[in-house]
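K.L.:
Prediction below, plus the sequence it came from.
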Amino acid sequence: MKHPVPLPLLLMLVSHGSVSQIPLYDQESLCSRLIFGVWRMAEWQMTTSKIRKLIDRLLEWGITSFDHADIYGDYTCEGLFGAALAEDPTLREQVQIVDKCGIRLVSDRRPQHQMHDYDTSAAHIHASVDNSLKQLRTDYLDVLLIHRPDPLMDADEVAQAFIKLQQAGKVRHFGVSNFTPSQFSLLASRLPFPLVTNQIELSVLHLEPFTDGTLDQCQQLRIAPMAWSPFAGGRLFQPREERIQRVQNALKQVGEQLNGATIDQVALAWLLTHPARIIPILGTGKLDRIQAAIAAEKLWLTREQWFAIWTASTGAEVP
């Protein structure tokens with residue numbers, strides 16, 4: 001299989017270290033081909049100096065995009081990252097910050113929250129963005145996503161919040177996370193500018209976006225989806241089920257055909273090969289695993305290899 005990106009978009013890809021950059025929608029919304037997820041940063045108990053060194057190393061390798069959410073680390077990860085950014089004023093312009101809001105957790109850091117629920121009111125969106133900017137020590141977010149579909153979402157109200165945030169220079173681009181195609185279309189219909197991504201769960205063990213219209217919509221609108229949990233939350237490496245064993249065997253066989261690529265590399269390459277221009281989010285702070293993921297960008301699967309993995313996951317040949 002040749003490179004799946006259509007020629008006009010392929011020409012827009014920019015070389016940036018070891019990892020290329022790709023437009024979420026257009027050249028104004030560039031993103032590294034792999035995104036670093038910070039959701040577990042608080043667990044790693046790293047000093048500000050170590051976080052700064054990690055960021056520097058990722059930038060050396062071309063990973064310039066970082067996935068945040070206000071709730072990560074019980075509302076602490078933004079502050080940890082922001083402290084590292086503050087050590088060098090030039091660092092902010094070298095990275096793209098993707099942030100999310102809309103989930104409210106019960107937390108000592110948010111005593112006003114009485115229960116775990118969703119809030120996509122304009123007041124909550126504005127307050128969340130202002131707090132995220134303060135914690136991250138920056139004047140703007142590159143991309144803001146609504147974290148989860150809210151049954152009470154007023155599309156007009158969310159759209160007006162997005163418009164005001166863009167006009168104020170606080171957010172450059174907007175998208176959603178975990179939205180169905182119809183939910184995406186509803187919000188998009190109220191905006192004068194495009195939503196640039198839908199961040200979704202996607203892996204060799206989570207195939208629903210391939211068949212429920214989500215990836216079809218991304219191709220239709222020429223937006224690049226972000227894939228969280230590309231290794232199925234680690235389940236891919238724990239073959240306790242027959243299905244996972246099948247998938248592991250298929251990944252190993254394809255890896256052997258690709259000069260000894262590991263199963264995690266092949267699992268990422270399987271996503272990267274898809275024409276929707278899927279952008280995986282890495283959730284590890286281990287440098288060796290990040291390096292392995294970077295090498296996966298150079299792998300491209302044939303149709304036969306891609307469908308061998310699909311068939312192993314579904315447990316049946318295609319009709």
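P.N.:
Cool, got the structure. Residues are numbered from 1 along each chain as shown.

K.L.:
give the contact list for residue 252.
P.N.:
residue 263 (Cβ atoms under 8 Å, 6 or more residues apart in numbering). Using the backbone N, CA and C atoms, a C-beta is placed for each residue, glycine as well.

K.L.:
following the helix or strand hosting it, which helix or strand comes up?
P.N.:
Applying DSSP states H and E as the criterion places residue 252 in helix 242-257. The C-terminal neighbour of helix 242-257 among helices and strands, as given by DSSP H and E, is helix 263-272.

K.L.:
Quick one: the strands in the stretch 201-319 of the chain, in order.
P.N.:
226-228, 279-282 (DSSP state E, counting those that start in this stretch).

K.L.:
Which of the residues in the helix holding residue 252 are classified as buried?
P.N.:
244, 246-248, 250-251, 254-255 (16 or more other Cβ atoms under 10 Å).

K.L.:
And for stretch 161-171?
P.N.:
For stretch 161-171, burial by neighbour count (16+ other Cβ under 10 Å) applies to 161-162, 165-166, 170-171.

K.L.:
Stretch 49-60 now?
P.N.:
Result for stretch 49-60 [16+ other Cβ under 10 Å]: buried residues 51-52, 54-55, 58-59.

K.L.:
can you put the residues you listed in a markdown table and add distance to residue 297?
P.N.:
As requested, the buried residues of stretch 49-60 are exported to a markdown table (distance: Cβ to Cβ, whole Å):
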| residue | distance to residue 297 |
| --- | --- |
| 51 | 24 |
| 52 | 25 |
| 54 | 20 |
| 55 | 20 |
| 58 | 14 |
| 59 | 16 |
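
K.L.:
Just to be sure, which of those are found in helices?
P.N.:
Under the assignment DSSP state H, the buried residues of stretch 49-60 contribute 51-52, 54-55, 58-59 to helices.

K.L.:
what's the spacing between residue 309 and residue 257?
P.N.:
Computed as Cβ to Cβ, to the nearest Å, the residue 309 to residue 257 distance reads 12 Å.

K.L.:
Name all residues that sit in contact with those two at the same time.
P.N.:
Common neighbours of residue 309 and residue 257 (Cβ under 8 Å, 6+ apart) do not exist.

K.L.:
If you rank every helix and strand of the chain by mean pLDDT, what lands last?
P.N.:
helix 7-10 (a mean of 34; mean pLDDT, DSSP states H and E).

K.L.:
Quick check: next helix or strand after it?
P.N.:
strand 21-23.

K.L.:
who does the most centrally placed residue in the chain bridge with?
P.N.:
Residue closest to the average C-alpha location in the chain (Cα atoms, centre = their mean): residue 226, at 3.9 Å. Legend: beta-bridge partners of residue 226 under DSSP bridges are residue 199, residue 279.

K.L.:
would you list the buried residues of stretch 49-60 in TSV and tack on pLDDT and distance to residue 123?
P.N.:
Shown next, in TSV, are the buried residues of stretch 49-60 (pLDDT from 0 to 100; distance: Cβ to Cβ, whole Å):
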residue	pLDDT	distance to residue 123
51	97	31
52	96	34
54	97	35
55	97	32
58	97	35
59	97	36
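
K.L.:
Out of those residues, which comes closest to residue 111?
P.N.:
residue 51 (27.3 Å; Cβ to Cβ).

K.L.:
Could you measure from the closest one over to residue 285?
P.N.:
9 Å.

K.L.:
Which residues are in contact with each of these two?
P.N.:
residue 41.

K.L.:
In contact with residue 280, which residues are there?
P.N.:
By Cβ under 8 Å, 6+ apart, the neighbours of residue 280 are 34-35, 226-227, 230, 268, 271-272, 293.

K.L.:
Out of the residues you listed, give me the two with the largest separation.
P.N.:
Pairwise over the contacts of residue 280, using Cβ to Cβ, the maximum falls at 226 and 293, 14.4 Å.

K.L.:
so which helix or strand takes in residue 39?
P.N.:
Residue 39 belongs to no helix or strand, assigned by DSSP H and E.
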